[in-house]
Each structure stands twice: as structure tokens, then as C-alpha cells.
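Enquirer: Okay, predicted coordinates and the sequence, questions at the end:
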Amino acid sequence: MCGIVGIVSTEPVNQQVYDSLLLLQHRGQDSTGIATADGSAFHMAKARGQVREAFRTRDMRSLIGNMGLGHVRYTTKGAAEREEEAQPFYVNAPYGIILVHNGNLTNTRELSQDLFNIDRRHVNSTSDTEMLLNVLATELQGQITGLDLDPDQIFAAVEQVNERVEGSYAVIALIAGHGLLAFRDPFGIRPLILGRRLTAKGKEEWIVASESLVLENGDYEIVRDVEPGEAIFITLDGQMTSRQCAKNPRLVPCSFEYVYLARPDSVMNGISVYESRLRMGDRLADTIAKHMPLGDADVVMPIPDSSRPSAMQVAQKLGIEYREGFYKNRYVGRTFIMPGQSERKRSVRQKLNAMGTEFRGKNILIVDDSIVRGTTSQQIVQMARDAGANKVTFASAAPPVRFPHVYGINMPSRQELIAHGRKIPEIAAELGADHMIYQEVADLQAAITEGTSIESLDLSCFTGDYVTGTVTEEYLGWVEQTQLS
Ligand SMILES: O=P(O)(O)OC[C@H]1O[C@H](OP(=O)(O)OP(=O)(O)O)[C@H](O)[C@@H]1O
Ligand SMILES: NC(=O)CC[C@H](N)C(=O)O
Ligand SMILES: [Mg+2]
């Protein structure tokens, strides 16, 4: 996942885009970029690292214009360390398009061949986003007849993009001299939400972003989530039109957003992330009660930050004291979304420290939101033991992650997943825990969708069922061989 934002205003947008990216920082830490449009001229600044360290005052000064977009990257395809693969990407024809993308395309092999052989386009990186941009540019080029561009032509181009591209994509693009285009894949796997506000002068401003907290923070009214398969076009003077551009749209949002990725204070597809985490805790407590004699835990402890709501709820439901025994260094970022296993491993130790008094002689029930590679949990169990814990039970608010996630989360190979090919007692042994308890898949689904009309979720990393057709055994093998770990 990455974080994206786009704004059409009547005033300069550079600071607003910057502020929005700061709020989306938890979605990507590898690199970041901002682009603005001033009339028909684009301005762009992108760099490796986090928002606060990437942009200088001189970058901000150069980002002039009343329409803009921004990106924070968590690499899933291409190289995390190469600055030229940071987003946004730009093509000069037709009109000039600049684009950001959250998601991951699963038919990049076919796309790169078609772009070269049929469309005669040169893609200068290994990024799937640059391919997506070139497909959009080709299709838009195919629609235009004269100098003008109308929304019908744009929507027809997005229809073609939806035909050619597979995987997950929430996209925002600026079309020079015309406006802002945003669209979401036919399954709405990755999030995108639309907001509006009036300026002091009574003019309408629009925003699209990955998460609702950005809208709330900027005092925007939440209009709605962009529908799966829907495209939205906002002209430079604030006229908004939208159209369904997919043949068979069906909402199948990514469950991992609710488990880990999104900020708890966001509402995504009408579901409060925080409340879904509380419900995960509720259901996990029932499973724990079934599998563990209650005397086996003196305290419930979260692994800060993401598991706090679920752990709190587990403690309350089981009537066990909630204690915070791990102190988190707030200056270390999220470890799971760091590129490279050695950095992730080192960061867990830097990030968390166990406070002896909370552990000595006690039976501890540790709750984390998810266990993926086991990088965090292995070290946590050891830290608990070193601090004098008696029994250590480890509970996960998500089911075992046994399959790669190919829709925008960097867990491409089965071998690196601690639960892959292991039974639960074997995972416990691997982590050094006395006992392990995982959320059931049906409970996770119910915890997220309860009280909504959402029928399906992307649960592929737990079940191995992929909603887009192209994810075959052969594809997964190819991803394992070629992608980052
Ligand atoms: O099994 P692993 O491969 O270690 O991955 C899972 C862990 O990584 C995440 O924490 P992270 O430190 O990224 O962020 P957080 O502070 O939001 O919990 C997640 O919350 C788990 O704790
Ligand atoms: N996590 C994401 O959304 C990543 C977007 C894109 N696939 C990239 O690697 O840059
Ligand atoms: Mg965590």
C-alpha cells in the first residue's frame, strides 16, 4: 500500500498536499513525491525517505499551482532504493499526464510486452505504476479527436484501462490544462475517498485521498468512497463528473487495511477501522477462551501500536488486566513496511523495549494485530522471557498469513511467511511461545463487515483465494523468483 492524495482548489495546494502526505505517512516510508499544475505547467519534487526529510523549502516554493497530488511509497514492484522509481510518474503525451498509484498490478509481464510491441511505448523503470500511466496515456490518445478533451473521452479511456490492467489500483492523475482524474479498480481492493469543501470565498474545492482522516483533518465534507470501477473527473474550475467504467464492478476491499495498514481513525468503505479492530478483539477473545484456561494469563499486553484496540477488547472481554509492558520508541517508523529483512529485524529491537516490572513472574497474553514474517513476534517473545515472564501466550487478531499478498502489500514469497507450511504448534515453537492462538478467518471477515452490506473481502493472504483471475500458481512462482523480500 501507498498513500495518495489529489486536490483541486482555487488557491495554491502545495502545503495542503504536504500536510496530507504527513497524515498518510503510515502507508509508506520508502519515498515520497508531490506534483502541482500551474495552468498547463507541471512542477514536481520527489525523493527517497519520509515526508519530513524529503522536501526542502525550495521544493515547496517551486510547487506552485491550484491543483496537485502527492504520494508516499511502500514499494511492491520495482526498486525501493531507486529515486527515479518514486512516484509520481509523468508522460508528456497526450496533453501531459502525471500520476500516482496505490496498489499492485498482476499482469505486468503482458503489459510490458504490449506497451513495447503494440503501443510502441518506452517504459523506463520496473515500476508497475509507470506501465499503468502509459496504458492510460495510450488509451487517452486513442480517444481524442481534436485539441479538446471532454469527460466522455476520459471515461472511455479508463474503461479501456480497466480492460487491459489487472490487479489492484487506486489512481489519481493530473491532465495538464484540463483537470484531475481519479479511479479505482473494479474490485475496489485499495481505498479511495472523495471530499469537498467551500473556501472562504464560497468556491468549491475537491480532494481525493486514500483515507478519510485526511479529509477530516482538512475540514472537508466526506462526499463518499469512490466506487469500485468508478472514475471521477474534476475540471480546473471545480466541475465534478463521475462514471462507472468497469463491466462487472464488485466491492472486495482488502482486509489487511483493517487489520494493520490504515489508521484507526479512518473510515473506509463505510467501516470505522478502529471499531473493526475492537470487534476483532471481541472475537479473538472468544477463541482464546475456547483454547486457553483463563488462569493461564495474568495480564493482556498489546504490541504497540496497531494491536492496541484489539488487545484492549480482549482484556475487557476476558476480564484480565490490560497492561502496557512494551515501550515504543516513537522515532522509529513502522517496521513491517521497511524494505529488507535486516533493517526490519534491527528496527524491532530499536523500536520496542520491555519493562521488567510488568513481566517478572507473570503469565503474559501478548496480542498483536498480525504475524507475517514473525520478525516482531520472535523478538517480542524473547524480550518477554528476558524480562522474567513465566508463561508467554501469543494471540493474533488476524488469521495465519500463509499466502503471498499480491495487491499492494510487500509479502511476495511464501517461504518468508512464518505460518506457511506450519501448523500452529509449530509456529509457537518457531517463535518460542508456550501457546499460540489465531483469529479464525470467518471471525475476521465478520469483525470487519458486521453491520454493512459488504459481502466479500480480499482475504487472499489468509486463504489463498485471489479475486483477480491472473493470480495463478505460475504467477506466484514468478513473483517469488523476481520480487523483493
Ligand atoms: O510478523 P512481522 O513480519 O513482524 O509483521 C507483523 C508486525 O508488523 C507490524 O508492526 P509495525 O511495527 O510495522 O507497525 P505498528 O507500530 O503500527 O504496529 C504489525 O503490527 C505486527 O506487529
Ligand atoms: N504499495 C503500493 O501501493 C505500491 C505502488 C506501486 N506498486 C509501487 O511499488 O510503487
Ligand atoms: Mg505492530
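Expert: Arrived safely, thanks for sending. Residues are numbered from 1 along each chain as shown. Ligands and ions are numbered 1, 2, ... in the order given.
Enquirer: Now do the same contact list for the nearest residue to residue 289 once chain neighbours are set aside.
Expert: Using C-beta to C-beta, 6 or more residues apart in numbering and skipping the chain neighbours, the partner closest in space to residue 289 is residue 318 (6.5 Å). No exception for glycine: its C-beta is placed from N, CA and C like everyone else's. Residues in contact with residue 318 (C-beta atoms under 8 Å, 6 or more residues apart in numbering) are 285, 288, 289, 294, 297, 300.
Enquirer: try 10 Å
Expert: Contacts for residue 318 (C-beta atoms under 10 Å, 6 or more residues apart in numbering) come out as 281, 284, 285, 286, 288, 289, 292, 294, 297, 300, 365.
Enquirer: Just the residues you listed: which are in strands?
Expert: Cross-referencing these against strands under DSSP state E gives 300, 365.
Enquirer: Select from the contacts of residue 318 the one having the most neighbours.
Expert: Highest neighbour count within these: residue 281, with 30 neighbours (other C-beta atoms under 10 Å).
Enquirer: Was I right to think that one contacts residue 365?
Expert: No: counting by C-beta atoms under 10 Å, residue 281 does not reach residue 365; the two are 11.9 Å apart.
Enquirer: Common neighbours of these two, please.
Expert: Common neighbours of residue 281 and residue 365 (C-beta under 10 Å, 6+ apart) are 288, 300, 311, 314, 315, 318, 395.
Enquirer: Just put these in JSON lines and tack on pLDDT, distance to ligand 2 and secondary structure.
Expert: Below are the shared contacts of residue 281 and residue 365 laid out as JSON lines (pLDDT from 0 to 100; distance: C-beta to the nearest ligand atom, whole Å; DSSP: H, G, I helix; E, B strand; the rest coil):
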{"residue": "288", "pLDDT": "97", "distance to ligand 2": "32", "secondary structure": "helix"}
{"residue": "300", "pLDDT": "98", "distance to ligand 2": "32", "secondary structure": "strand"}
{"residue": "311", "pLDDT": "98", "distance to ligand 2": "27", "secondary structure": "helix"}
{"residue": "314", "pLDDT": "98", "distance to ligand 2": "30", "secondary structure": "helix"}
{"residue": "315", "pLDDT": "98", "distance to ligand 2": "33", "secondary structure": "helix"}
{"residue": "318", "pLDDT": "96", "distance to ligand 2": "36", "secondary structure": "helix"}
{"residue": "395", "pLDDT": "98", "distance to ligand 2": "28", "secondary structure": "strand"}
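Enquirer: And the strands in the stretch 251-400 of the chain?
Expert: Using DSSP state E, counting those that start in this stretch, the strands of the stretch 251-400 of the chain run over residues 267-268, 271-272, 299-302, 321-322, 326-328, 352-354, 364-368, 392-396.
Enquirer: Who are the packing partners of the second one?
Expert: Helices and strands touching strand 271-272, as assessed by 3 or more C-beta pairs under 10 Å, 6 or more residues apart in numbering; DSSP states H and E, comprise helix 273-291, helix 441-449.
Enquirer: same thing with the third one?
Expert: Packed against strand 299-302, as judged by 3+ C-beta pairs under 10 Å, 6+ apart, are the following elements: helix 273-291, helix 308-318, strand 321-322, strand 364-368, strand 392-396.
Enquirer: and the last one, is it in reach of ligand 1?
Expert: Read it as strand 392-396. No: using C-beta under 6 Å from any ligand atom, strand 392-396 stays clear of ligand 1, with a minimum separation of 8.8 Å.
Enquirer: what does the first one give?
Expert: No: counting by C-beta under 6 Å from any ligand atom, ligand 1 has no neighbours in helix 273-291; the shortest distance is 11.0 Å.
Enquirer: Restrict that helix to CA atoms and write it as PDB.
Expert: What follows is helix 273-291, C-alpha atoms only, in PDB (Å, rounded to 0.1, in the frame of the first residue of the first chain):
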ATOM      1  CA  VAL A 273     -11.100   1.000  11.200                       C
ATOM      2  CA  TYR A 274     -11.000   1.400  14.900                       C
ATOM      3  CA  GLU A 275     -14.300  -0.200  15.600                       C
ATOM      4  CA  SER A 276     -13.400  -3.100  13.300                       C
ATOM      5  CA  ARG A 277     -10.300  -3.600  15.400                       C
ATOM      6  CA  LEU A 278     -12.400  -3.600  18.600                       C
ATOM      7  CA  ARG A 279     -14.600  -6.300  17.000                       C
ATOM      8  CA  MET A 280     -11.500  -8.300  16.000                       C
ATOM      9  CA  GLY A 281     -10.500  -8.200  19.700                       C
ATOM     10  CA  ASP A 282     -14.000  -9.300  20.700                       C
ATOM     11  CA  ARG A 283     -14.000 -12.300  18.500                       C
ATOM     12  CA  LEU A 284     -10.400 -13.200  19.300                       C
ATOM     13  CA  ALA A 285     -11.300 -13.200  23.000                       C
ATOM     14  CA  ASP A 286     -13.900 -15.900  22.300                       C
ATOM     15  CA  THR A 287     -11.400 -18.000  20.500                       C
ATOM     16  CA  ILE A 288      -8.900 -17.500  23.300                       C
ATOM     17  CA  ALA A 289     -11.500 -18.600  25.900                       C
ATOM     18  CA  LYS A 290     -12.100 -21.800  23.900                       C
ATOM     19  CA  HIS A 291      -8.400 -22.700  23.800                       C
END
